[in-house]
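Asks: with the sequence up front, the predicted model follows.
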Amino acid sequence: MSDVYTVSAAPHIKEKVSVSSIMWQVVLALLPALLVSIYFYGTKAFLLTLYGAAAAVITEAIIQKFRGVPVTIKDGSAVVTGILVAFNINAAAPWWIPVVGAVFAIAIGKQIFGGLGFNIFNPALLGRAFLMASWPSIMTSGWVPTRLGSINGLNLGSLPSKIPEVITSATPLGAAKALRDTTQVAANMQDNIMNQLASMDTIQNLFWGNIGGCLGEISAAALLIGAAFLAYKHIIEWRIPVSYIATVFVLTYIFGGINGLFSASLLLPVFHIFAGGLILGAFFMATDMVTSPVTKRGRVIFGIGCGVLTVVIRLVGGYPEGVSYSILFMNMFVPLIDRYTVPKPFGEVKK
Amino acid sequence: MIIVYSVATLGILGLIYGLGLAYASRKFHVEVDPKIEKITEILPQANCGACGYPGCSAYAEAIVNNGVDINKCAPGGSAVLGQISKIMGVEATATERKVALIHCQSGGSNNTFFRYKYEGIPTCKAAVQLSNGPNLCNYGCVFQNDCLEACNFDAIHLDENGMRIIDKEKCTSCGACVKACPRDLIELVPVKKRVHVLCSSQDKGAVARPACGNKTACIGCGLCVKKCPVDAITLNNNLAVINYEKCINCGQCADVCPTAAIFDPLKEVRAKKKAEAKAKAEAAKKKVEAAKQKAAEDKE
Amino acid sequence: MKLTKEFSKGLIKENPVFVMALGLCPTLAVTTSVQNAIGMGMAATFVLVFSNIFVSLVKNFIPEKIRIPSYIVIIASFVTIVDLTMNAFLPEIHKSLGLFIPLIVVNCIILGRAEAFASKNNTISSIFDGLGMGLGFTLALIVIGGIRELLGAGQFFGMNVMSAGYKPILIAILAPGAFLVMGLLMGLMNLTKRK
Amino acid sequence: MELIGRIFALAIATIFVHNFVLARFLGLCPYIGVSKKLDSALGMGMAVIFVMTLASTFTWLIQTFVLVPLGLEFLQTIAFILTIASLVQLVEMVIQKTAPALYKALGVYLPLITTNCAVLGVAILNINEELNFIGAILNGLFAGLGFTLVLVLMAGIRERLDKAEVPASMKGMPIAMIVAGSMALAFLGFSGLNI
Amino acid sequence: MKYYLKLGFILLLIGAIASGVLALINSYTEPIIENNKLKTEEEARSLVLPQAEIFEKKSIAMERAESKPDPLKIQKETSGSNEFVFYIGKNNQQEIVGYTFVAKKYGYSSTIETMVGVNPDLSVNKIKIINQAETPGLGANCEEESFTSQFSQLTKAELQVDKDGGQIQSLTGATISSRAITNSIKEGLNNIETALNNQNKKEVAE
Amino acid sequence: MGLKTFPGGVHPHDSKEFSKDAAIEDLPIPKKVVIPLSQHIGAPAKPLVKVGDEVKTGQKIAEPGGFVSIPMHASISGKITKIADFPHPTGITSLAIEITGDGKDDWIELYEEDNFLELTADEIKNRISEAGICGMGGAGFPTLVKISPPTEKPIDTVILNGVECEPFLTADYRLMLEKADEIIWGLKLLMKTVDAQNGIIGIEANKPDVIKKMKELTATEQNIRVVGLKLKYPQGAEKQLIYAATKRKVPNKGGLPMDVNVVVQNVGTAFAVYEAVRYKKPLVERIVTVSGSIVKVPKNLKTRIGTKFEELLEFCNGTTEDIGKVISGGPMMGFAIPNLEAPVAKGSSGLLLFNKKQAHRQKENTCIRCGSCVDVCPMNLVPSLIAKNVRYEDWEMTEKYGVMDCIKCGSCAYVCPSNIKLIQWIDIGKMKISEKNRS
Ligand SMILES: Cc1cc2nc3c(=O)[nH]c(=O)nc-3n(C[C@H](O)[C@H](O)[C@H](O)COP(=O)(O)O)c2cc1C
Ligand SMILES: Cc1cc2nc3c(=O)[nH]c(=O)nc-3n(C[C@H](O)[C@H](O)[C@H](O)COP(=O)(O)O)c2cc1C
Ligand SMILES: Cc1cc2nc3c(=O)[nH]c(=O)nc-3n(C[C@H](O)[C@H](O)[C@H](O)COP(=O)(O)O)c2cc1C
Ligand SMILES: Cc1cc2nc3c(=O)[nH]c(=O)nc-3n(C[C@H](O)[C@H](O)[C@H](O)CO)c2cc1C
Ligand code: SF4
Ligand code: SF4
Ligand code: SF4
Ligand code: SF4
Ligand code: FES
């Protein structure tokens, strides 16, 4: 046996990439966001993330044992899912929230479909949607101010009159949403607050992360560093994030103003891009390869679809934020998109 | 008053619909296969879609035209199943039952000689593509278990040596494994025939014998051909082939095969039977003799 | 002997919900609580039994061609009867079952049994068949409803049974939870069956 | 302009917010049964759209011009189901004769639709929600569209799952339920949508 | 042809029998159902305005109905949009002891109907949710006493949920439903006010 | 110098440093050769000799077995000792003629044409046909057939493929460096046979010296261009090369270069054409690269067709480590073979030896749908979905996703992070589909 050679099919050389190297690099790319979160929210942020990741890994191991398939927790994909579940929850959440979310994400979101590569829906987001539906009040209220004391990123001092609680205790997007309802915010205040939201001040806070919100989403800067790293490593591809963000930009510019079409300043779309989970979603979750299209055209369609839905939900939906639902919703279309965007083979003759 | 109205309304509705449909069914009548119609009628008309077809008539059509399984109607249950099988299955039961048989006794890592170490996708089809397969024998089983995967009835198992064993009870002789095996090792044989050539090598003996890790290659010596009392064996391309229509399960070929390529599971049974028969015969003989003696004695 | 068989087959072996996956809409829609489940189950059982009786009685007078429409009329009549009586005497349950009472008409289980069983068997066995199927249906509804109510509201039959600190998994009584609980239950059934 | 806005709002509401399958639990049997293949799902979807629109139209007319004037609302169920059943059968026969190609693509699904609660459901809902004639027709159309949307998505997903290592006990119906639950979760994103 | 006539006839017969039976049953149940309905309404009315013995129905045409028709429906022009119905509650002595009306507004996933009892000074006496299909566990909790009791004795101005700066504590996780109820009551009070003013004016004019 | 290229592709390390600077050496005449009758695409050749016959070097020993076929010639002089199944460099066994040499290397009469560039197209074709030339770039398509297109598809451009994009291989490189003039003459001859106005020599950017030299030599030629190509695999694949050099796209679904008025020939083929036309010398030898990090002295060897691989390795002093894998051809498309007994064929460009570690292939994981394979596929296919449909035996979808268009370049499998053996799956798919289409 020892002097028989190996025979395998071509190619006989292989690029040095593997699933686990990809996944651990994603974990690495998520670290800056985690650090910012720890800076603003304290060790609780770290603990919640740790619980999420640990619960994901343990669940994966248990289910794989039970199914009698190889245990693949070392490949890091469960860690990514666990971290992202935790990144999607409020810093005020009790410890069991990330745990339950991660367990659901791995068990129902991933393993039940056969494990890595077979799931249809983004497990982390399914976990979040599950938490949202089960404990909406924990998930959507009681935002914690950062250590610098900001929740909505607004410079409240610069606003003239007394501001209703819907604005003061809300995240930036929550405030933007409340603005659209005259029963909640007096009409004479709308413009004023809107201008404040779309000001450089607020946007700076959004960029650095001095806002209330889910653990992982607060700092656009930290997320962009991670995203740049992934892009450089060719782990994520530009199509989904770019088409996603561009769509949000265009649509919020057109429809985002409260006084009708095109009534917004150019800063409002920028506000919408940095606020909420858009950066996290566009670069880290919409790009989840398992649940996004494999074709290039398909990725653009996917990104645009996510963008449209995000804006619809933000502007007229029942929630302030629509990133997670829009990605989940587009996940359903992926099989169809894949099917109808098969690229033309090189040299395909036009009919 | 309400009663009058309601009776009238529903009656009129019923009449209109009934007449309309009756008229339409004449006007738009389309011929269909009577078999389909019959099965459609047997089916419960719940049109629930549980069978995976768009409605009862579609399922009936699929049964008749595409030979789909007849056990898919959930609401109908076993009663309907029986009735359909009466319509469809007359010919299915008539033939002799067959089971799959693998004509190779090698094909596990313990009893195989290797040409090379195979690293690739675990399918036989792919393995035979690479330099004639990882095992030294060009005709033998490459043990990547395509047949096992193909069997929908869980009829093929691996034994402790990694050899494929076919469960005669479970095998439905669907032939899926026959199609799956790229080495053409599998054949459907009548379940009553028990003596088989368990080798498919068409190499000459000098090549075949050393290549077989189980040392049971057919070397094409032809002894079995000569021995067979009913001329059921022929040599094709250095390989003995049994014609099962002629074979009488006598096992004489297996006795003469120098490499044990022919396998006779009945050997022991037969030996036992023979011994018994012999014992019986002897007993009988003794009896006769005793009787004779007695008679003789009596005479005396 | 035969009758008990007709009766018991619907409970487990040919359970219309778990095994045959029929009549899914009411199964999922009304099982937010055990109470609703029982109401729905009873209503369906009533219709099932009586339509089975009538179909088996009139089966010989009805020509082949209009078999289905006739059965539908019979079933629809019983459904309406249930609808009216429940509305009159059990207005609360009637309200929470809402739309799904008239929809019993199109529940595949009922037409299916009428066609597959009652139209071919005598009245007595038809009654037992209907009872069995109906109770099987009810049983399944109760199981699902029980789980959903327990998880989603921390209650069973309207009574609090979970400890005070329990934060109900709301999703269990929402639409997605219905599907998920149903899917997991079916998977569990398969798992126990193959073991 | 305002009318268009309201029609649009109705469309969004019926297709996404109160999706017939995922939020109202109507038409689950075909949703699970006919979603194994994309082609069949498309055919079924088209047929459902067609029938739902037609059924909405006719049942609304019957309710408004026959049942209500005569005070026969209690005959609603029976009259509607008869109407739908006959309508479907009629359409089926007409298509089969006049357009065999269309029949192959669409018509074969028609019988399945009679026992689809979504059709009777939309007919009754039109009345319960006091929609006017145009509203009823549109509601039927949009409900059908919503049904088709989720049916086709489901079929796409299940075709992909056919080629996945789903655990054996979850294969088939159970995993379809899980997918349905996940889809319903995703559709929750539209809840509270208000245009 | 004759065959088909026979078919039609049999179908007619079945239909006729069925409908006959149904009509019979209906004639029996209908009054009960009707009665039930009235009774529940009546009960609700007395519940929110226990002082009153008799209720007098009033309906006034509103110039511009404030309550937006349910945006998600293309509905028949039903009453309610252009007409405001309320009841005047009187005691044995024919004194006006208050008013009741049904407030309606679209909440999170359904139109929530609230029976409101109003004191003569136009503050809320008591409310009862009579119809809603909000999310169980969230909006559906609005039926609970702990929520509805908050409304007692509030005046129009005080009707506002906490998130909007008012004093009504909204249901956890269901601000939308809470807000809808609160605002619908407020609108109703407005309507009653206008209605009474009109009446007064009319009376003065007479 | 604007480098041209094609969409997609991968960047494996080119590993040419091992044998790049080794000048072509003659391998000693072997004692025994085994000449497979099927060294090309098309019908196998039919033997003209019997066991026991004496043959001279260059003597025709087998004639074409059909229209798409070529004759075979003895590559050494000696005696025919066997006509039987022998190992073939693609790993299978196939019918071959064994010649046991007499050590004399006794050639048939050669010939020298001085004005070979003046010959008529028909005469050139005739000599190419007689010499048994098939493509030496890998696929081994009979050259005569390529240069005899139907009249409705005139050829205006002949492209010489000097890309050699496979890592490790340097045979074409050395040939171009050492025999540049001859190759250009070969190109001219080829252009003449098809009456093409343009000649292009495509060379990858990692061979700057060759590009420079070729440019110098063709400086005065109006109609011959040297095109520098970006370093990217599979730059040398026919369709990709044509696109890079001319922006023409060969139609898929069985389209041929002649559909876009092009013929592509390997530089080795051009050299063989030159020798065949000028000297009437049959194709009995070729350059083979012997390389790999464990080969003691990697070399480029001029080798007689039919020489067993073990002799080549022996000439390179063997290996420094245990051999783990033997590859006939390049690492991306070559065949791993179970032993060193296979002979050099007309298309064998290399012999690579890997140690055990290099030989090992990771086990497959599940596809994570990362899309890397889609991004690199030069044919714009979706390899992951093709493989998946093959795995689950959905032949209809397999075909719909375009398996038959795959050129088996291996780029997809090279990049797959899950180690999916995409090519192997695709191969099965191709097999099944062609089976289906045949029946
Ligand atoms: C499944 C689901 C059902 C919901 N049902 C209701 C509801 O019935 N009533 C309501 O006001 N909000 C409902 N919501 C909306 C959210 O809870 C929303 O965040 C809330 O109304 C506003 O948050 P708050 O009350 O904590 O400020 C629902 C949300 C989800 C996910
Ligand atoms: C049936 C068939 C016919 C071909 N005919 C021609 C031809 O007429 N002209 C030509 O230039 N190449 C022809 N080819 C050759 C191919 O275009 C190509 O050169 C050959 O398959 C090897 O290419 P490769 O090494 O890139 O794989 C033909 C190939 C096949 C399979
Ligand atoms: C992926 C791939 C890579 C190839 N690389 C080369 C190459 O580097 N050099 C080459 O001469 N031929 C290469 N070929 C073969 C060419 O496609 C083509 O067959 C050849 O250039 C035609 O010339 P020939 O008939 O003279 O061999 C490659 C083919 C494929 C499919
Ligand atoms: C770029 C990238 C993004 C990812 N995003 C997610 C994500 O949003 N949610 C998640 O559960 N897993 C994510 N993963 C991890 C992994 O893909 C996930 O476990 C699979 O979806 C499970 O099949 C991501 C992985 C990569 C490489
Ligand atoms: S595949 Fe069919 S023939 Fe083969 S063993 Fe299984 S049941 Fe028997
Ligand atoms: S398919 Fe054939 S070669 Fe493969 S394991 Fe089965 S018997 Fe052996
Ligand atoms: S699919 Fe074929 S052509 Fe595309 S990269 Fe893979 S091997 Fe190359
Ligand atoms: S490169 Fe591999 S893992 Fe990525 S999509 Fe292709 S086959 Fe799947
Ligand atoms: S029960 Fe609704 S479609 Fe079957």
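Replies: Looks like it came in fine. Numbers count the residues shown, from 1 in each chain, chains lettered A, B, ... in the order given. Ligands and ions are numbered 1, 2, ... in the order given.

Asks: CA atoms only: put stretch F:179-197 into PDB for me.
Replies: The C-alpha trace of stretch F:179-197 is given here as PDB (Å, rounded to 0.1, in the frame of the first residue of the first chain):
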ATOM      1  CA  LYS F 179      13.900  27.500 -32.200                       C
ATOM      2  CA  ALA F 180      12.200  30.800 -32.800                       C
ATOM      3  CA  ASP F 181      13.000  31.000 -36.500                       C
ATOM      4  CA  GLU F 182      11.700  27.600 -37.100                       C
ATOM      5  CA  ILE F 183       8.500  28.300 -35.300                       C
ATOM      6  CA  ILE F 184       7.900  31.500 -37.300                       C
ATOM      7  CA  TRP F 185       8.500  29.500 -40.500                       C
ATOM      8  CA  GLY F 186       6.000  26.900 -39.200                       C
ATOM      9  CA  LEU F 187       3.500  29.700 -38.700                       C
ATOM     10  CA  LYS F 188       4.000  31.000 -42.200                       C
ATOM     11  CA  LEU F 189       3.500  27.500 -43.600                       C
ATOM     12  CA  LEU F 190       0.300  27.200 -41.600                       C
ATOM     13  CA  MET F 191      -0.900  30.600 -42.800                       C
ATOM     14  CA  LYS F 192      -0.300  29.500 -46.300                       C
ATOM     15  CA  THR F 193      -2.300  26.300 -46.000                       C
ATOM     16  CA  VAL F 194      -5.400  28.200 -45.000                       C
ATOM     17  CA  ASP F 195      -4.600  31.300 -46.900                       C
ATOM     18  CA  ALA F 196      -4.700  33.500 -43.800                       C
ATOM     19  CA  GLN F 197      -3.600  37.100 -44.000                       C
END
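
Asks: is any residue of it near ligand 3?
Replies: No: counting by CB under 6 Å from any ligand atom, ligand 3 is not contacted by stretch F:179-197; separation bottoms out at 9.4 Å. Placement of C-beta: from N, CA and C, glycine included.

Asks: residues in contact with stretch A:258-267: which ones?
Replies: A:179-180, A:190-191, A:194-195, A:198-200, A:203, A:252-257 (CB atoms under 8 Å, 6 or more residues apart in numbering or on different chains).

Asks: please narrow the residues you listed to those residing in helices.
Replies: The helices, defined by DSSP state H, take in A:Leu179, A:Gln190, A:Asp191, A:Met194, A:Asn195, A:Met200, A:Ile203, A:Thr252, A:Tyr253, A:Ile254, A:Phe255 from the contacts of stretch A:258-267.

Asks: make a ChimeraX selection of the buried ones in the residues you listed.
Replies: Command for ChimeraX that selects the buried part of the ones in helices among the contacts of stretch A:258-267, burial taken from 16 or more other CB atoms under 10 Å in any protein chain shown:
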select /A:179,190,194,203,252,253,255
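
Asks: strands paired with the longest strand along chain E, and their directions?
Replies: For chain E, the strand that runs over the most residues, judged by DSSP state E, is strand E:96-106. Sheet partners assigned to strand E:96-106 using DSSP bridges are listed as strand E:83-90 (antiparallel), strand E:111-118 (antiparallel).
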